[in-house]
Structures are given as C-alpha cells and as structure tokens.
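In: Sequence and predicted structure, then a few things I'm wondering about:
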Protein chains: 4
Amino acid sequence: MGNFKGHALPGSFFLLFGLWWSVKYPMRYLCKKNKSVCYLVSISGHRRLDIIEGIVKTSFALIGMIAEQFVPDGPHLKLYNNEEKHWDHLMNWQHATMYLFYGISGIVDIIVHITPVVPLALDRLMLAIAVFIEGFLFYYHVHGRAMLDIHVHILLLVAVFGGSISIFLEVFLRGNIVLELLRTSLCILQGSWFWQIGFILYPPNGRPEWDQTNHDNMMFITMCYCWHYAFSLLTVAVSYAIVSWVIHTKLKQVEPLEMGLLKSSEKDQEVEEEM
Amino acid sequence: MGNFKGHALPGSFFLLFGLWWSVKYPMRYLCKKNKSVCYLVSISGHRRLDIIEGIVKTSFALIGMIAEQFVPDGPHLKLYNNEEKHWDHLMNWQHATMYLFYGISGIVDIIVHITPVVPLALDRLMLAIAVFIEGFLFYYHVHGRAMLDIHVHILLLVAVFGGSISIFLEVFLRGNIVLELLRTSLCILQGSWFWQIGFILYPPNGRPEWDQTNHDNMMFITMCYCWHYAFSLLTVAVSYAIVSWVIHTKLKQVEPLEMGLLKSSEKDQEVEEEM
Amino acid sequence: MGNFKGHALPGSFFLLFGLWWSVKYPMRYLCKKNKSVCYLVSISGHRRLDIIEGIVKTSFALIGMIAEQFVPDGPHLKLYNNEEKHWDHLMNWQHATMYLFYGISGIVDIIVHITPVVPLALDRLMLAIAVFIEGFLFYYHVHGRAMLDIHVHILLLVAVFGGSISIFLEVFLRGNIVLELLRTSLCILQGSWFWQIGFILYPPNGRPEWDQTNHDNMMFITMCYCWHYAFSLLTVAVSYAIVSWVIHTKLKQVEPLEMGLLKSSEKDQEVEEEM
Amino acid sequence: MGNFKGHALPGSFFLLFGLWWSVKYPMRYLCKKNKSVCYLVSISGHRRLDIIEGIVKTSFALIGMIAEQFVPDGPHLKLYNNEEKHWDHLMNWQHATMYLFYGISGIVDIIVHITPVVPLALDRLMLAIAVFIEGFLFYYHVHGRAMLDIHVHILLLVAVFGGSISIFLEVFLRGNIVLELLRTSLCILQGSWFWQIGFILYPPNGRPEWDQTNHDNMMFITMCYCWHYAFSLLTVAVSYAIVSWVIHTKLKQVEPLEMGLLKSSEKDQEVEEEM
C-alpha cells in the first residue's frame, strides 16, 4: 500500500523480530558457554521457542497478505480488470507476494522443528530465499518513480541482500553467533528504515513534503541510513549486555564456586583460539 | 528457435530433470539416515542411476542440438552465407552451443562414475560451467529486442546464475541435501519459466499478443516469476513428502522394532546439532 | 573536508595502521611457528597490544570526527540551516559518519579483548562493517562531480570493498596470515592513495591543476593506482623480511642447537602440506 | 602494443602455461592417489619444478615488459612528454604494468618454495592479485573504443575474473584438483582468445577488416568465445587422459600384483565418498 501504514506495518514486523532475535541469540550463545545454567532453559524449550517463532512469522505474513488485499482501496483478490483491460492494484499484489514467501519460510520453520525427517538447515535456506525475493521484487518495484523514492528503496536493498547472503551462510555455519548478530542488526535496520521511508514519502500531520529531486536530500538520506545502522548496532549491543548480565547474575546464584573455576579455564581457551 | 516449440523443448527437459531430482535427492538423503533400508537400493544401484542420468542428459542435449540445426528454417550446419556476406541463423547456433555444454556435462557425468581415475567433483564443476554458459549466452542473446522480451529472459538469468553458484558450491560440499534441493527447485523454475516465455512471446491459438512496452505487464511478469518459484518449491516439498512417506512405510515393514530405537537416537542427535 | 588536509589526515591514519599491521601480523605468525621464542612475547602481551590498538583506533576516529566538525569552515554540529532551508556541510557530516563507524570498531576491539563474554570474531565483523560503510558512503559521495574526481574515488572503492570482503572472511578464518597480509597491503594502498588524491585534486604549492576531463589523465591514474599497490606489496614484503630476520637472529641466540632440529622437522611438514 | 604481435605474445605465454599445467596437475593428483609410483617423482622434484615454473614466469614477464618498452614505436621508459605536455604511450605502460604483477607473482612463487619462513599460500594469493590487476586494467583500458573492440576485451574479463576468484579459493583449498583444472582451462581460454583478438582486430595477410559496428558480428564472437572454452576443456581432458594412461602403464610395470589390490580398495573408498 503506497501510504504511511503500508510501510509502518512491515517495519513493525521487522523491528519486533529483530528485537526478539537480539535477546534470543545472545541467550543461546551464553547458555552454551555456561552449560550449568543451560538446564534452566531446556533443549525442548529451545525447540518449542523456535516453533512458536515460526507460528508468529506465519501469522505476521498472513496479516500482511490480508491487509494488502482487503484494505478499502485494495484489490480484494481481483488481479485483472477485464472491462478496462489492465492489471489491478499490482503494487498490493507484489507486496502480498513478498509476505507469501515469508509465510512459506514460517511454515518451513515449524516443519523442520516438528519432524526429524526434514533437514534442519532448510529453515535458513527458505528464510534466505524469502529475503532475496523481497529484494528482487523491490528492485523492479520502484522502476519509473521519483529520484528520492527510488533512492530510499534502493538503500533498503543493501540491508536486504546483505541479510540474504548472511542467512545463506548460516545454512553451512548454523549457530555461528557472529552471523546471527549480523542478521539481527540488519533486520532491525530494515524495520527502522521502513518507518523512515514512511515518514519521508508520506509526511504525517501535514508536514511539508520532501523535495524529491534535491541532490542534498539524497546525500542526507544516505548518511541517515548509516545512522540507522549505528542505532541498530547499539540496540543489539545493549540487548547483548542485558542478557549477559542476567545470565551471570543467575550463574552466581546457582554455583558460585564452581563457576569461577570454569570461567578461568574458558579464558585460557579463548586466549589459545586467539593465538 | 524463436517460436513456441523452441521454448517448450528446453522447458520440458528442465522440468523432467527437476522432477527426477526432486525424487532422487530426498531418496538418497533419507536412505543415508536410515541405513537399514539402504541395502534395498544398493550402492552400485546408485552409481548405475547416475550413469543413466548422464546418458539421458547427453541424449537430451543431442536432441536439442539436432532440432536447432535441422528444423525446416534452421541453418543445417551452415554458419556463414558466403554469397550475401552475413552470418546465418546465429540464434539457432547459439542455442546449439548451449545444448553442447550440457552434452559435455552429461559425458563428464558418465566418465566420473565409470572410472575412479577422474575426480568425482568434476561432474558438478562441469554442470556449473554448462549452466553458466547458458546464462552468459542469454545475457548477450537478447540485446536489442523489445522491453518485455528482454525482461522475461533477464528474469531467467536469476535462476540460471543462482543455479550455477549453487552447483559450484556442491563441488566442495558434495551431497549437501540443502544445496541439492535448491538446485532442484531452480531447475523446475527454469523449466516452467521456459514454458511461460513461450506463452508470453508466442501466444498459441491466436490469442492476443502481449503489449511489449507496457510497464504494468513488466511488473506483473516479475511477480509471476516469483509465483512460479513458489509453485516450484511446493512441487519439491510434495515430492519430498511422498518419498519420505514411502521410505518410512517400507521401514516399518522391514524392522518394526529396531527402527523405533534408531529413530529416537537420531532425534537426540538432531537436537544436539541444533544446540 | 574538500581540501588537501582532509585527504592527508585519513591517509596518514591508514598508513600508520597498515605499517603497524605489517609488523604485527608477521611477528605473530613467525612466533607461532617458533614456539620457543614466543614466550618472549607473552600471550597477555598480545592481548594488551590488541587493546592498545583498539584505543588508538578509537582516538584516531575521534580526532577525525572533531576535525571534520570544528575546522573553521566546518558545521560545528549544525546539520540543518533553518533560515535558508538547506542542509549544512553535508560533506563534513558524511566524513564524520565514516569516522564514527571506525570508532565503533575500535570500541568493539577493546571490548572483545577485555571480556570473554563477547565472541572474539565480532571485532573482525565490526571492522568489515566499518570498511563497508566507508565504501558505501563514498559510492554515493561523488555523485555529480568532475570525471577525474569521480574516478580517483571509485578506484579507492576497489581497495575498500576488497578489504571489507577480506576482513569478513577473517570472521571465519581468524589468524589466517594470508588474509591478514592482504588486509595490510590494502590498508597501505588506501593510505597512500588518499595522499595521492590530495595531490591530484588540490595540487599544493601553486602547481598547475590537473585537467579533469582529459581521458589520458584517467588512464594514467588507473595505472598509477596499480603502482601504488605494487609499492604497498613491496612495503609489506620488506617489513616481513625484517621481522623474520630479527626473530631468527634472536632464535639463534636462545637455543642454537635445538632450533636447528626443529626447523628441519618443520621443513618436512611444509613439504607434506604442499604435496 | 596495439598490433597482432602484441596480442600473440601474451597469448602464447598463457597457452604455454595452460598446457604445462594441464600436464602437471593431473600428474600430481594421480601420483598422490597411487603413492607407490610417487617415489619415481620425488617430493624435492616437485618443489624444484615449482621453482623452475616461477623462474619461467618471471622471465616471461620480463620479456613482456621489455618488449612493450623497447619496440620501435614503444615509450623507451619515457612516461611524460614534457614538450607537448601529454602522456607518452600509455597503452604500452599499462601492458608493462600487467606484466609487472605477473613478474611479482613469479618471484613470490620462487620465494615460498625456497624458504619455509614465508607461508606457502602466498603464491596463490599473489597470482590471484596479478590476474585481478590484469582484469582491472583491461576494464578501464578499452574505454572509448569501437563496439567490437570493447566486446572482445570484455569477454576476456569473464576468464580473467573467473580465474582470479578460482585462484583465490585455492589459497584456502590448496591442492584441490577441481580448482586446479578450472584454472588450467581458463588459462588456455585466455591464451587462445588473445590470439583470436589479434586475428579479429588486426587481420593478417591483408584479409578484409571486421565490421566493428555489426551486431551479428558481436553475437558470433560471443558464441565463438564459448567454442574456445569447449576447445580448452577438450585440451585439458585429452592431456588428463594421456597423463593417466602413462602413469597406469608405469604402474603395471612396477608392481603388477599389489596395485590391483590397492585399486580395488580405492574404488570402495570412492564409492563411500559418493554416498
């Protein structure tokens, strides 16, 4: 939907997932390092979380598709206007297609965690494909619009294709915390940038419109995109710190003595890796 | 051949191979996980299948080359028109060149499975090269045509180069089920898209031609390409489910007790991998 | 800052880091191969060095940001000119943004070496991101300038994006001496090229200006860039040779007999690896 | 040098190296598989061969540089014409720069095999850089020429950058026969294509010139490039077959009985790998 809400909706979805991941992945990583705390969050608990995540993802995709189809000025499942011989609401259909692939990704997430027959890594592949399709459609989406409109969407593609490559690498390096944090930060970037696009293209509350052809505006927006990323990195860092603090607090309560020993041996190991 | 049949022929080849792979690779993967069923399909049987696949591939390539050369309006092996001083039927020659590399790939498939002297991974490298050459020729092929004609072919390149990269990765990660399924889905996408191109550029049964310069048509076709891929993914999923169901039915017949134990231990292993 | 000093400052930063790395990485690599010398430079010493490096990096970034903001013709933290309704000193702000990300990278360097809670590889990821952001901003930075001006900046991007990819690979292959030397050489290239850009665009001492539209100038500059890289490779090689010579001299002093044996067994191992 | 000889010279260099590699790498691979023959070609022999290869490479680069500088219409080390205020013979200088990097690569080849202090993988990195620089200079080299002239050089870039990526992968996967054969085939392709460029742009013996603006010519040349690659693959295959035949003939002479056993056990291993 070419309006503010049509950008705020996916933006909120991405932000929610990014924030959730910024809690989930540090937690898993730190749990794995401090095995004695890990039994607090059992393995089947992790699996259950992943299934719930898949269900939420599928629901978000469904909400998105329905919103794109059945908003008052939507296509209501009508694709071709036979009387006037032209395509109907192609924009909404394209957005719905993007949501569709995220929906498939959500379903695959659920399946791989329910049955051991399907290889686990398929969930990462499907997510990488869904993100790629989003970028692919956006790339052709903006053809023939105003300069600034194109630019804000093209900037988005850096996060989208970067995310897709990073997720594809996770197929082979599952559980790599660095890739997971990279994905998280790019997801938050996408979310906040969707909101930014909404504010730029459809200024709310009757604020003045942006000059779509001003070169300086373009340069500012490019820089602004980087600031969004800095903000996204900061968010992930703060979240990591909080999770780490919570786990270490718990750690002290559980086994104050043994942990101290464990930690020093870990430190040595780290040092060895580094050398 | 610039007509409907010239697109339906390679389309059918790709569809056949894609469908065959969507049976073969899940079967091998599930066989490997349930070793006790594997003796039903012996190792030499797998090898024989691969050789037959190579022979079929080579035959398809040969059929394609002969069809391109000896159709009524084909070049009949004549490359240069000496009287009128111009190249003869360059399109057909280019298509024949594409088939040629698939033929080489088929021959390499046969060789690596017959003799242990040649490294196995060469079959993947040669297939990656064949797919790359197809994309490379297509890229320059469409130069100077109508907008829609170019667009439908350029879209194809996403599947072609994506497939080429994915197959190249298999050189180093042979037997990775995720890459094999990705390749399968991209192959089916190519097949069904070739048919779609035929329908778009040469509408059969006297249907109205597509407006080659309409921007909306381009946007619809981009989206349609994504739908083809969703359909391709669905096909692979259904095929995987059927193969899995057949194998597990057999499994129960063979060793109803022992298998149960095996499966639970497998589940544990999966869980460990995931953590 | 669009002047000579604005290019000489980052150029000097990159040169200093490149030269430092051309000493540090060969030293570590040769230390690891000759373990008996390694105790001279203890493990905690290595860690301390890395922390100091992070502090220096952060300081450089801070100096750069302050210089860009508070030079006489700088923005002094003012981004938008409300009276004249236009952006203020966007160039300086963009440069400051580049420095900002290097600053973040420096802080991450410090953190990962102070606490074992944060995964080590994050420092490489953050550096790769900082370098990528530099390239990303430069790419849009030069829009609409003279041909030669664009060209000298675009050439820089080869080193920048090459460096970013190389550093990203280090996330997974930490401690790979080949990647470290590649990074070092690209860093020196960037440093010396920044100086070269300064000399080309702002010829000091009243020398004649370059003709910005001359095609021959462009061709010379492309070649000149390659010479800079040859010079950069030479620098790394000389530095490697000196470090190696120093370590082997020390080696002879420490354990003249034992070392000889060790070295010959190493030689055999190398031969095996090669085969 | 913009003439026939200026393309035939590097073409011959690449062809010689390609043909040599198409013997060397299959020999090493098959030697490693049949260890009992390997003592015929000792380890130090392999090392000596690599050093000689480095010396030959350096010599070729030197010959190329001298030829570019001191041909009758060459620059004779003069870069800038001070009287007429323009650059002198930039083309020759660019070609000399390309040769320079191959020369550096040759020197690195020699060094890594003489001293164990320098990591082996550096020779692959330096070769990858040399090939990249060749492509980089070619990319800007052809700016502003006729369409056909640009096209034949751009086609070359596919082999050049493909080769550079493939060699860079060898840094991490040294001794991978598939990558080595890929590199060999791309090297032969470059060699034969340099000759082809010479024939197209400077037809010898007073043959008619090619129409540089004819679209059909461009399409034919693209296809012709693929045929060159098919020919290159055939060359590598024939060379591999001959080397394999020679080694197996020798094998039978040496240990007719034991080998038979070894071979069958190898076959089993291959089968396992495949499964």
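Out: Perfect, thanks for sending it. Residues are numbered from 1 along each chain as shown, chains lettered A, B, ... in the order given.
In: CA atoms for contacts and neighbours, from now on please.
Out: Noted.
In: Would you mind confirming that A:T222 is in contact with C:L137?
Out: Yes - the criterion here is Cα atoms under 8 Å, and A:T222 meets it with C:L137 at 7.2 Å.
In: State the distance from the residue of the stretch 51-200 of chain A found nearest chain C to chain D.
Out: Residue of the stretch 51-200 of chain A nearest chain C, by Cα to the nearest Cα: A:V178 (6.2 Å). A:V178 is 21 Å from chain D, where distance means Cα to the nearest Cα, to the nearest Å.
In: Quick one: residues contacting the closest residue to that residue other than its chain neighbours.
Out: What sits nearest to A:V178 in space, not counting adjacent residues and going by Cα to Cα, 6 or more residues apart in numbering or on different chains, is C:L122, at 6.2 Å. Residues counted as contacts of C:L122 (Cα atoms under 8 Å, 6 or more residues apart in numbering or on different chains) are A:178, C:108, C:112, C:171.
In: rewinding a little: so the residue of the stretch 51-200 of chain A closest to chain C is in contact with C:L120, correct?
Out: No - if you go by Cα under 8 Å, A:V178 and C:L120 don't touch, sitting 9.2 Å apart.
In: And the residue nearest to A:V178, its phi and psi?
Out: The phi/psi pair for C:L122 (degrees, to the nearest 10) reads phi -60, psi -30.
In: Give me the distance between it and chain D.
Out: Applying Cα to the nearest Cα to C:L122 and chain D gives a distance of 22 Å.
In: likewise A:T115?
Out: 23 Å.
In: Which residue is the nearest non-sequential neighbour of A:G11?
Out: A:G191 (4.0 Å).
In: Now do the contacts for A:M65.
Out: Going by Cα under 8 Å, 6+ apart, A:M65 touches A:95-97, A:99-100.
In: Tell me the pLDDT of it.
Out: Predicted confidence (pLDDT) for A:M65: 93.
In: Could you list the low-confidence segments of the stretch 1-150 of chain A?
Out: Scanning the stretch 1-150 of chain A for pLDDT under 70 picks out A:1-2, A:36-42.
In: Actually, the stretch 151-275 of chain A.
Out: For the stretch 151-275 of chain A (pLDDT under 70), the answer is A:254-275.
In: Quick one: the helices in it, in order.
Out: Using DSSP state H, counting those that start in this stretch, the helices of the stretch 151-275 of chain A run over A:177-201, A:215-254, A:256-274.
In: Return the most buried member of those.
Out: helix A:177-201 (a mean of 23; mean count of other Cα atoms under 10 Å in any protein chain shown).
In: Which strands or helices does it pack on?
Out: helix A:4-33, helix A:147-172, helix A:215-254 (3 or more Cα pairs under 8 Å, 6 or more residues apart in numbering or on different chains; DSSP states H and E).
In: quick one: which of the contacts of A:M65 is nearest C:G54?
Out: Minimum distance to C:G54 across the contacts of A:M65 is 42.4 Å, recorded for A:Y99 (Cα to Cα).
In: I'd assumed A:G64 was in contact with the closest one.
Out: Yes - the pair A:Y99 and A:G64 passes the contact test of Cα under 8 Å, sitting 6.2 Å apart.
In: The two - which one has more neighbours?
Out: Between A:Y99 and A:G64, counted using other Cα atoms under 10 Å in any protein chain shown, the more crowded position is A:Y99 (26 against 22).
In: show me the contacts for that one.
Out: Contacts of A:Y99 by Cα under 8 Å, 6+ apart are A:61-62, A:64-65.
In: relative to helix A:4-33, how tilted is the helix or strand where it lies?
Out: If you go by DSSP states H and E, A:Y99 is part of helix A:90-114. If you take axes from the mean of the first three to the mean of the last three Cα atoms, to 10 degrees, helix A:90-114 sits at 20 degrees to helix A:4-33.
In: Any buried residues in helix A:90-114, and which?
Out: Residues A:90-113 are the ones in helix A:90-114 that count as buried (16 or more other Cα atoms under 10 Å in any protein chain shown).
In: ok so, going back, tell me which of the contacts of A:Y99 is nearest to D:K32?
Out: Among those, A:A61 lies closest to D:K32 (Cα to Cα), at 54.3 Å.
In: Just the element for the closest one, please.
Out: Assigned by DSSP H and E, A:A61 belongs to helix A:43-70.
In: Show me what the next helix or strand after that helix packs onto, helices and strands only.
Out: Sequence-wise, the next helix or strand downstream of helix A:43-70 (DSSP H and E) is strand A:80-81. Secondary-structure packing of strand A:80-81 (3+ Cα pairs under 8 Å, 6+ apart): strand A:86-87.
In: in its sheet, what does the strand it packs on sit against?
Out: If you go by DSSP bridges, strand A:86-87 pairs up with strand A:80-81 (antiparallel).
In: got a list of contacts for the strand it pairs with?
Out: Here strand A:80-81 has contacts from A:86-88, using Cα under 8 Å, 6+ apart.
In: who wins for neighbours among the residues you listed?
Out: For the contacts of strand A:80-81, neighbours were counted using other Cα under 10 Å, and A:D88 has the most, 20 neighbours in all.
In: Can you name the residues of chain A sitting close to chain B?
Out: Contact residues, chain A versus chain B (Cα under 8 Å from any Cα of the partner chain): A:32, A:43, A:86-87, A:90, A:94, A:97, A:101, A:116-117, A:119-122, A:125, A:133, A:137, A:140-141, A:171, A:174-175.
In: go again using 7 Å as the cut-off
Out: Counting by Cα under 7 Å from any Cα of the partner chain, the positions of chain A adjacent to chain B are A:87, A:90, A:94, A:116, A:121-122.
In: quick one: contacts for the closest residue to chain D within the stretch 1-150 of chain A?
Out: Ranked by Cα to the nearest Cα, the top residue of the stretch 1-150 of chain A for proximity to chain D is A:P119, at 17.0 Å. Applying Cα atoms under 7 Å, 6 or more residues apart in numbering or on different chains to A:P119 gives the contacts A:V112.
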